[in-house]
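model this:
(one chain, ligands or ions: 1)
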Amino acid sequence: MTSFTKTSVSTSPGPDPGALMGLERAKACFDPRDMYQIIEGTPEKAHKILDLYQSLERDPILAPSFKDYELSRGENREQTTSRIARMTQYVEQEPYPDFWRRLNLMTAYDPSLGIRIAVNLGLFINCIKGNGTDAQYKYWCLEKEAKYMKQLWGCFGMTELGHGSNAAGVETTATFDAETDEFVINTPHIGATKWWIGGAAHSATHSSIYARLIVKGKDWGVKTFVVPLRDSNHQLMPGVAIGDIGSKMGREGVDNGWIQFSSVRIPRAFMLQKYCKVDRDGTVTLPPLEQLSYISLLQGRVGMASDLYRICARFITVATRYAVGRRQFRGDGAKKGEETQLINYPLHQRRLMPILALTYVAALATDRLERQHESVVEELETAVKLNDEKAIHKSLGDTKSLFVDSASLKSTLTWLAEQSITESRQACGGLGYSAYSGFGKSYADWVVQCTWEGDNNVLGMSAGRTIMKNVEDVLNKNAKISGTSLFLSKAHEYLGGELVLQTEADLNPTTVLWALEALIVRVAFEASKKRDESSSWDNVSYERVLLSKLRCHQYMLLTFIDAMANIGKPELLYILARVVRLYFLTHLLENFSREFVNYQVLCPKLSLQISTQFIGVSCLQVREQAITLTDSFQIPDTLLNSAIGGYDGNWYETYFKVVKTQNDITETKAPYSLDLEAMLNRLSYNERGRLEKSAESIEKLSH
Ligand SMILES: Cc1cc2nc3c(=O)[nH]c(=O)nc-3n(C[C@H](O)[C@H](O)[C@H](O)COP(=O)(O)OP(=O)(O)OC[C@H]3O[C@@H](n4cnc5c(N)ncnc54)[C@H](O)[C@@H]3O)c2cc1C
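Predicted structure coming up:
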């Protein structure tokens with residue numbers, strides 16, 4: 001037997017990733033606290049978020065821990081419920097905007113908690129706000145949200161087993177009964193069963209239900225109704241059947257359910273009637289502004305785009321810190337007796353640094369999107385209240401722009417986040433696959449963001465269609481486009497013109513932005529021709545999604561350029577210029593090189609140089625400050641909740657400690673029955689059989 005006596009473990013220095021981290025920080029060319037303020041948008045917001053981080057870290061119920069990675073479905077649900085109760089205490093104490101910030105931060109660490117509250121306070125309430133009259137909003141939602149959260153829990157019942165993306169196709173019916181002045185809500189067949197409804201399985205008392213309005217036999221299309229699901233003792237209302245839809249890929253803390261209605265009666269007043277109205281005698285009025293009701297769905301999309309920043313900041317921090325502390329093989333220029341740190345391999349830089357750059361650019365863009373959303377909603381509400389037609393018209397234009405912006409950013413950024421989590425995980429090798437690094441749960445929780453609140457491809461097609469129409473309006477009718485799509489007004493200029501990007505000198509943010517805008521117009525122009533030839537929008541679905549992705553990048557690059565104009569500190573400007581260069585070289589000019597070259601915006605020779613020369617240099621430049629750039633996110637270790645991503649970089653120690661704490665090291669026998677002898681017998685029996693068979697066939701062959 002080999003003897004493992006007296007190893008030199010106690011005397012060998014062993015790996016010291018913490019020291020390497022110290023060396024990186026010594027190279028910092030800017031103060032991460034200054035950078036943090038730029039990333040968060042304003043000093044006030046930055047300050048508030050640090051306060052909230054501290055409060056969350058200290059909170060015995062809300063603070064994440066490694067145990068979170070080991071919970072069963074039941075335990076997950078229980079933990080989410082106790083965290084909701086805790087959040088309810090906060091909503092009573094703090095101003096509402098601060099509460100939303102707290103929720104937004106928590107969502108990056110406990111997405112189940114985030115979405116369970118957001119379905120109630122976001123989707124349900126926003127549906128009532130967007131579709132209900134002032135009186136209805138007051139009735140269902142007002143006084144104080146804290147009170148609301150305790151007495152009534154809402155869910156959002158749009159999707160059915162048979163229809164999700166095409167909400168106009170839902171088949172639940174709401175038939176007006178003039179005799180009793182009620183609506184009868186009914187599920188006509190299995191395909192019309194409400195499905196996926198977050199909070200329905202156990203928590204919700206009410207639901208905002210999307211159903212077809214039927215009056216005097218006429219189908220008026222899909223409208224919204226508040227339908228009570230459970231009574232004050234939390235028993236199901238008569239005619240309501242509800243069940244849990246069971247295990248999912250992630251978000252196990254959310255009780256998604258199915259609902260069937262068997263002729264459930266609700267008063268006429270429970271139909272949300274801001275736009276479409278049904279009178280006592282069954283007269284239906286459909287005002288022209290009904291399209292505005294969709295603005296209530298935009299908040300969720302805006303929030304999801306913003307989530308990219310927090311989730312990517314979290315995991316690029318982990319992967320970068322790991323890459324600094326991890327040595328593997330001896331690369332070029334390695335010192336004698338030393339292996340090379342992963343972060344110094346050009347390939348590793350090329351995998352991680354573009355994600356870091358994207359995180360920065362997306363942080364500023366999504367902060368702008370949040371502010372744009374707030375101002376458009378406010379502007380619209382005021383215009384509608386004052387019944388000011390001119391103002392309403394302007395609001396409509398801004399709402400359309402917001403629709404395109406939120407759809408493009410939500411879809412493109414949730415996709416990019418999914419890819420970024422995967423790449424960051426792989427960059428951490430085997431340890432990235434350990435639950436304690438945090439990647440696994442977060443990935444499973446994250447990917448649904450690409451599907452709900454508008455499937456990404458469906459949203460992309462929709463945004464792309466609007467972009468095509470805008471370009472057509474400018475080119476054919478000389479129309480002026482307002483809002484954030486203003487640049488399309490120059491469509492004529494973008495269509496004519498030469499190659500925009502020809503030499504390295506053209507690779508600056510402003511010229512690249514111009515090139516990107518030209519590409520958008522040219523893609524839209526060609527797509528319109530193709531659609532006209534085939535008379536089919538479906539035939540240009542690919543181009544529509546492409547346009548939506550390009551539009552997202554246009555929004556991001558423009559926002560970054562604007563933000564840089566207002567930064568006073570040269571040391572920040574210096575590194576941010578490198579960050580934005582890496583962003584556009586990789587995420588734009590390399591990822592869309594085929595389009596840039598094919599649509600004659602980028603010279604093929606320059607495109608090749610970008611891939612073979614410039615990106616490598618740019619990655620190295622960002623790598624030099626990578627640790628300080630990730631420190632600038634200011635994420636506390638407790639919230640990072642990764643055994644390999646702590647600030648001190650000593651992840652060998654931390655990881656081993658977590659593994660030992662989470663698993664009983666005194667328990668060496670498997671806690672389940674394991675009949676080793678029977679297994680071995682069977683295996684060798686099978687193996688014998690296989691050998692006998694092959695011997696037989698060899699014998700046959702040789703005859
Ligand atoms: C965990 C979870 C929670 C949810 N919570 C809720 C909730 O609380 N309330 C609620 O109402 N809903 C909820 N949903 C439903 C969700 O919003 C829908 O699943 C989503 O809108 C997608 O619809 P679908 O499932 O019908 O997909 P489908 O529309 O069937 O899409 C399937 C695929 O077809 C593609 N596709 C669709 N149309 C086209 C087209 N015209 N051209 C080309 N490709 C197309 C899509 O891109 C997609 O890849 C939830 C879903 C999940 C997974």
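
Okay, buried residues for stretch 408-421 please.
Buried residues in stretch 408-421, counted by 16 or more other C-beta atoms under 10 Å: 408-418, 420-421. In this view, the C-beta of every residue, glycine as well, is placed from N, C-alpha and C.

Quick check: next helix or strand after whichever helix or strand residue 197 is part of?
For residue 197, the host element (DSSP states H and E) is strand 194-198. For strand 194-198, the following helix or strand on the C-terminal side (DSSP H and E) is strand 206-215.

the inter-axis angle of that following strand versus strand 194-198?
Relative orientation of strand 206-215 versus strand 194-198 (axes from the mean of the first three to the mean of the last three C-alpha atoms, to 10 degrees): 150 degrees.

and strand 206-215, does that touch the ligand?
No: remark: strand 206-215 sits outside contact range of the ligand, by C-beta under 6 Å from any ligand atom, the gap being at least 7.4 Å.

mean confidence score for the helix or strand that that strand is followed by?
Using DSSP H and E, the helix or strand that follows strand 206-215 in sequence is strand 218-228. For strand 218-228, mean pLDDT rounds to 96.

list the helices and strands strand 218-228 packs on?
The contact analysis (3 or more C-beta pairs under 8 Å, 6 or more residues apart in numbering; DSSP states H and E) places strand 218-228 against helix 125-131, strand 182-186, strand 206-215, strand 264-267.

Please read off the pLDDT at the closest residue to residue 604 other than its chain neighbours from the model.
Leaving aside its sequence neighbours, residue 604 sits nearest to residue 597 (C-beta to C-beta, 6 or more residues apart in numbering; 5.2 Å). Looking at residue 597, its pLDDT is 97.

can I get the CA coordinates of the one helix or strand residue 597 maps to in PDB?
Residue 597 is located in helix 593-598, with elements delineated by DSSP H and E. Included here for helix 593-598 are C-alpha records, laid out as PDB according to Å, rounded to 0.1, in the frame of the first residue of the first chain:
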ATOM      1  CA  SER A 593     -18.400  41.800 -39.200                       C
ATOM      2  CA  ARG A 594     -20.300  39.900 -41.900                       C
ATOM      3  CA  GLU A 595     -23.000  42.600 -41.900                       C
ATOM      4  CA  PHE A 596     -20.600  45.500 -41.700                       C
ATOM      5  CA  VAL A 597     -18.600  44.200 -44.600                       C
ATOM      6  CA  ASN A 598     -21.500  42.900 -46.700                       C
END
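
mind checking the end-to-end distance for stretch 441-461?
With C-alpha to C-alpha, to the nearest Å applied, stretch 441-461 spans 30 Å between its terminal residues.

quick check: mean pLDDT across it?
The average pLDDT within stretch 441-461 is 97.

do stretch 141-158 as well
The average pLDDT for stretch 141-158 rounds to 72.

What separates the first and last residues of that stretch, distance-wise?
For stretch 141-158, the end-to-end distance is 19 Å (C-alpha to C-alpha).

surely residue 326 meets residue 339?
No: using C-beta atoms under 8 Å, residue 326 is not in contact with residue 339, being 9.2 Å away.

residues of stretch 35-50 that come out buried?
Residues 35-41, 45-46, 48-49 are the ones in stretch 35-50 that count as buried (16+ other C-beta under 10 Å).

And stretch 75-86, by the same measure?
For stretch 75-86, burial by neighbour count (16+ other C-beta under 10 Å) applies to 76-77, 79-81, 83-84.

Quick check, the residue in the chain closest to the ligand?
Nearest residue of the chain to the ligand, counting by C-beta to the nearest ligand atom: residue 164, 2.0 Å away.

so when I look at that residue, I'm seeing a helix, right?
No: read with DSSP: H, G, I helix; E, B strand; the rest coil, residue 164 is coil and lies in no helix.

Determine the number of other residues adjacent to it.
Residues within reach of residue 164, counting by other C-beta atoms under 10 Å, total 18.

Would you confirm that it contacts residue 455?
Yes: with contact defined as C-beta under 8 Å, residue 164 reaches residue 455; the gap is 7.4 Å.

residue ranges for the helices of the stretch 501-650 of the chain, please.
In the stretch 501-650 of the chain, the helices defined using DSSP state H, counting those that start in this stretch lie at 509-534, 541-564, 570-583, 593-598, 604-609, 615-623, 626-631, 637-640.

got the buried residues for whatever helix or strand comes next after the last one?
Same thing as helix 637-640. Downstream of helix 637-640, the next assigned helix or strand under DSSP H and E is helix 651-662. Across helix 651-662, burial judged by 16+ other C-beta under 10 Å covers 651-652, 654-655, 658.

Please compute how far helix 651-662 lies from its chain's middle.
Relative to its chain's centre, helix 651-662 lies at 30 Å (C-alpha atoms, centre = their mean, to the nearest Å).

same check, this time on stretch 458-478
When C-alpha coordinates are averaged (C-alpha atoms, centre = their mean), stretch 458-478 and its chain have centres 25 Å apart.

what's in contact with that stretch?
Residues outside stretch 458-478 that contact it (C-beta atoms under 8 Å, 6 or more residues apart in numbering): 165, 301, 400, 403-404, 407-408, 410-412, 454, 479-481, 485, 488-489, 491-492, 495, 520-521, 524-525, 527-528, 531, 537, 540-541, 543-549, 551.

Kindly report the same for stretch 502-511.
Residues outside stretch 502-511 that contact it (C-beta under 8 Å, 6+ apart): 500-501, 512, 515, 557, 560-561, 564, 580-581, 584-585, 589, 603, 606, 609-610, 614.

And stretch 613-625, by the same measure?
By C-beta under 8 Å, 6+ apart, the surrounding residues in contact with stretch 613-625 are 27-30, 343-344, 346, 349-350, 353-354, 356-357, 504, 507, 575, 578-579, 581-582, 585-586, 590, 629.

Only C-alpha atoms, please: export that stretch in CSV.
Extracted in CSV, the C-alpha atoms of stretch 613-625 (Å, rounded to 0.1, in the frame of the first residue of the first chain):
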residue,chain,number,x,y,z
GLN,A,613,-4.5,42.7,-34.4
PHE,A,614,-6.5,45.3,-32.7
ILE,A,615,-8.7,43.2,-30.5
GLY,A,616,-5.8,41.5,-28.9
VAL,A,617,-4.1,44.8,-28.1
SER,A,618,-7.3,46.2,-26.8
CYS,A,619,-7.9,43.2,-24.5
LEU,A,620,-4.5,43.5,-23.0
GLN,A,621,-5.1,47.2,-22.3
VAL,A,622,-8.3,46.5,-20.4
ARG,A,623,-6.7,43.5,-18.7
GLU,A,624,-4.1,45.8,-17.1
GLN,A,625,-6.8,47.4,-15.0
